[in-house]
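Chemist: Task: produce atomic coordinates for the following.
(one chain, ligands or ions: 1)
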Amino acid sequence: MAPARSRFDSLHVAVIGAGAAGLVAARELRRESHSVVVFERDTQVGGLWVYTPHNEPDPLSLDPNRNIVHSSVYDSLRTNLPRECMGYRDFPFVPRPEDGESRDPRRYPSHREVLAYLQDFAREFKLEEMVRFETEVVRVEPEGRKWKIRSRNSDGISDDEIFDSVVVCNGHYTEPRVAHVPGIDSWPGKQVHSHNYRVPDPYKDQVVVVIGNFASGSDISRDITGVAKEVHIASRSNPSETYQKLPGSNNLWLHSMIESTHEDGSVVFKNGKVVQADTIVHCTGYKYHFPFLNTNGYITVEDNCVGPLYKHVFPPALAPGLSFIGLPWMVKSLSFILLSSSFFSKWVAAVLSGRVTLPSEDKMIVDVTALYAKRDANGLPKRYTHRLGASQVAYLNWIAEQIDAPPVERWRGEEIEGGYRRLATESDTFRDKWDDDHLIAEAYEDFLRQKL
Ligand code: FAD
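Modeler: A predicted model of the protein is given here:
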């Protein structure tokens, strides 16, 4: 680990990515008096929320040399979190009178509203002046105690620059994970990953099998039911006998996982049902991917476990020069990503300035080892390392303590729990029907108090 620096240092810091995490990282680093350069390969801020109707030509995105489309947002997407619990704490994601009628005031608004909110955030805090647009980071490596970043601009011109520190905020919903399905190599139908799903039209009159039944799987299967002949959801978390017609449409069934696929186009589920399908849509999640990172093998990504990382943020031997924001996920895809990114950002900024100290490298390694041991003892695969599950609020409160911030508000924790329950049991209506108005009232009271 680098030696302890004098207190309140101001460092030259690179942030990779200008999505929800990179924007708040830039803000917090600058608040702590660091000089910040944000590298963003797109032409605008917002990351994942910059919707594009285009998708990648390789529908499963397996080709490592493909032209990458960053966003995985589909046209009909509405947030899976209520807006009041989704935003940054001191810049609530709530409808504002000055926004006018062009905005989407719903509690679970469309993806366009999230992008508009992130643009408002960037404007309010003048963050764009730190961003180098259309500049992709292609290599990051240690150079003595500092970090060398190679970037390439839209003219293809490369540049090397030295920074004291690098904060990685490159997003984790772009590199698809594809389910292994027995017999798939000789199955003649089409396959696509949800990363490349935009609109239902290509599935008109088709029989479609959707693998995965959480946020994206549930949304996309319902989106397709409007045009498809039949939609069958295959879910590995369901018992093998599962076979259920789902409410809200007349052509949607829930099954257990796929048992096998065959040359004649048939798909056999573990419940014994067989369908002749045209397309399989993999809503099976994403992989952490840092193609630019060269740490001589110190940091590895193995079965989606990025490590070693102290509290999912700092690699012990390279801390605090290198840090990662936005890795842990909470329950399925319901996470306080924006809130947690702001907590991590404040922590990283304060550690870099020397206002907050990290434990020794050895102690950080002990902590990481204990995390792995607990995961293994619970029989969980490595890919669950960054899943916080029920410990999400305790974890965020630990970070809050480090940065002297108030703990996660009670209403926020309860809203996410309730939302999770409703998403699991009322996936067709959870965005428009709820029973937690008292929590909304508490949230708005909090926002008002903050303003006073
Ligand atoms: P991103 O938004 O992906 O931003 C990463 C940025 O890094 C991008 O701008 C990208 O261009 C840039 N970049 C990447 N590599 C490089 C490079 N080498 N050089 C330069 N720039 C680079 N979260 C919620 O809170 N609520 C929701 O309702 C919700 N719904 C979701 C729905 C879907 C379908 C998905 C996939 C995710 C959803 N999420 C939701 C999670 C969402 O990812 C986060 O809200 C948030 O967008 C993550 O921000 P980020 O900055 O970590 O990543």
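
Chemist: from here on, contacts and neighbour counts on C-alpha atoms
Modeler: OK.

Chemist: burial count for P359?
Modeler: Applying other C-alpha atoms under 10 Å, we find 11 residues neighbouring P359.

Chemist: Where does it fall, secondary structure wise?
Modeler: Counting by DSSP states H and E, no helix or strand carries P359.

Chemist: who touches it in this structure?
Modeler: Residues in contact with P359 (C-alpha atoms under 8 Å, 6 or more residues apart in numbering): none are found.

Chemist: Equivalent analysis for V281, please.
Modeler: When the contact criterion is C-alpha under 8 Å, 6+ apart, the partners of V281 are Q191, V192, H193, S194, V208, V209, V210, I211.

Chemist: Assign a three-state SS to it, would you?
Modeler: Using DSSP: H, G, I helix; E, B strand; the rest coil, the structure places V281 in strand.

Chemist: Ok, V366 next?
Modeler: What three-state DSSP gives for V366 is helix.

Chemist: Look at it and report its pLDDT.
Modeler: Looking at V366, its pLDDT reads 98.

Chemist: Which single one of the contacts of V281 is nearest to the ligand?
Modeler: Using C-alpha to the nearest ligand atom, S194 comes nearest to the ligand of the contacts of V281, at 8.0 Å.

Chemist: Chain neighbours aside, what residue packs nearest to the closest one?
Modeler: C283 (5.1 Å; C-alpha to C-alpha, 6 or more residues apart in numbering).

Chemist: pLDDT value on the one you found, please?
Modeler: 96.

Chemist: Could you report the neighbour count for it?
Modeler: So C283, with other C-alpha under 10 Å, has 29 neighbours.

Chemist: these two touch, right, it and D219?
Modeler: No: if you go by C-alpha atoms under 8 Å, C283 and D219 don't touch, sitting 9.9 Å apart.

Chemist: how about the least confident helix or strand in the chain by mean pLDDT, does it get close to the ligand?
Modeler: Lowest mean confidence among the helices and strands of the chain (mean pLDDT, DSSP states H and E): helix 410-425, at a mean of 86. No: shown here: helix 410-425 not in contact with the ligand (C-alpha under 6 Å from any ligand atom), separated by at least 10.6 Å.

Chemist: pretty sure Y108 is touching E84, no?
Modeler: No: using C-alpha under 8 Å, Y108 is not in contact with E84, being 9.3 Å away.

Chemist: and the protein, which of its residues are near the ligand?
Modeler: Looking at the ligand, the residues of the chain close enough under C-alpha under 6 Å from any ligand atom are 16-22, 39-42, 46-48, 70, 72-73, 79-81, 86, 135-138, 169-171, 173, 216, 326, 335-337.

Chemist: Okay, now the unreliable bits of the stretch 301-450 of the chain?
Modeler: Along the stretch 301-450 of the chain, the model assigns pLDDT under 70 to residues 331-334.

Chemist: Would you map the strands across it?
Modeler: 305-307, 322-324 (DSSP state E, counting those that start in this stretch).

Chemist: and the last one, which residues are buried?
Modeler: Using 16 or more other C-alpha atoms under 10 Å as the burial criterion, the residues of strand 322-324 that qualify are L322, S323, F324.

Chemist: any chance of those residues in JSON lines, plus distance to K433?
Modeler: JSON lines is the format used below for these (distance: C-alpha to C-alpha, whole Å):
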{"residue": "L322", "distance to K433": "43"}
{"residue": "S323", "distance to K433": "40"}
{"residue": "F324", "distance to K433": "36"}
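
Chemist: any idea which of those residues is the one closest to the ligand?
Modeler: Taking C-alpha to the nearest ligand atom as the measure, the ligand lies nearest F324 of these, at 9.6 Å.

Chemist: Identify the residues contacting that closest one.
Modeler: V167, V168, C169, H312, V313, F314.

Chemist: Distance to G354 added to these, as TSV?
Modeler: TSV is the format used below for these (distance: C-alpha to C-alpha, whole Å):
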residue	distance to G354
V167	16
V168	20
C169	21
H312	20
V313	17
F314	15
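
Chemist: picking up where we left off before, which neighbouring elements make contact with the least confident helix or strand of the chain?
Modeler: Judged by 3 or more C-alpha pairs under 8 Å, 6 or more residues apart in numbering; DSSP states H and E, helix 410-425 is in contact with helix 83-86, helix 437-451.

Chemist: Now it: buried residues?
Modeler: W411, R412, G413, E415, I416, G418, G419, Y420, R422, L423.

Chemist: if we take the residues you listed, which one ends up nearest to S249?
Modeler: L423 (16.6 Å; C-alpha to C-alpha).

Chemist: wait, doesn't that closest one sit right on F430?
Modeler: Yes: counting by C-alpha under 8 Å, L423 does reach F430; the two are 5.7 Å apart.

Chemist: where does V37 land on pLDDT?
Modeler: Per the predicted model, pLDDT is 98 at V37.

Chemist: Quick one: neighbours of it, just the number.
Modeler: 19.

Chemist: Contact partners for it?
Modeler: H12, V13, A14, V15, A26, M130, V131, R132.

Chemist: make it 10 Å
Modeler: V37 is in contact with 12-16, 26, 30, 129-132, 163, 166, counting by C-alpha atoms under 10 Å, 6 or more residues apart in numbering.

Chemist: now R83
Modeler: So R83 contacts P92, F93, V94, P95, P105, R106, R107, Y108, P109, E113, V114, I440 (C-alpha under 10 Å, 6+ apart).

Chemist: returning to what we had before: give me the subset of the residues of the chain next to the ligand lying in strands.
Modeler: In strands, defined here by DSSP state E, the members of the residues of the chain next to the ligand are I16, F39, T135, E136, V137, V138.

Chemist: All the strands of the stretch 101-250 of the chain, residue numbers only.
Modeler: Secondary structure of the stretch 101-250 of the chain (DSSP E, counting those that start in this stretch): strands located at 131-132, 135-143, 146-153, 158-163, 165-168, 190-193, 207-211, 230-234, 243-245.
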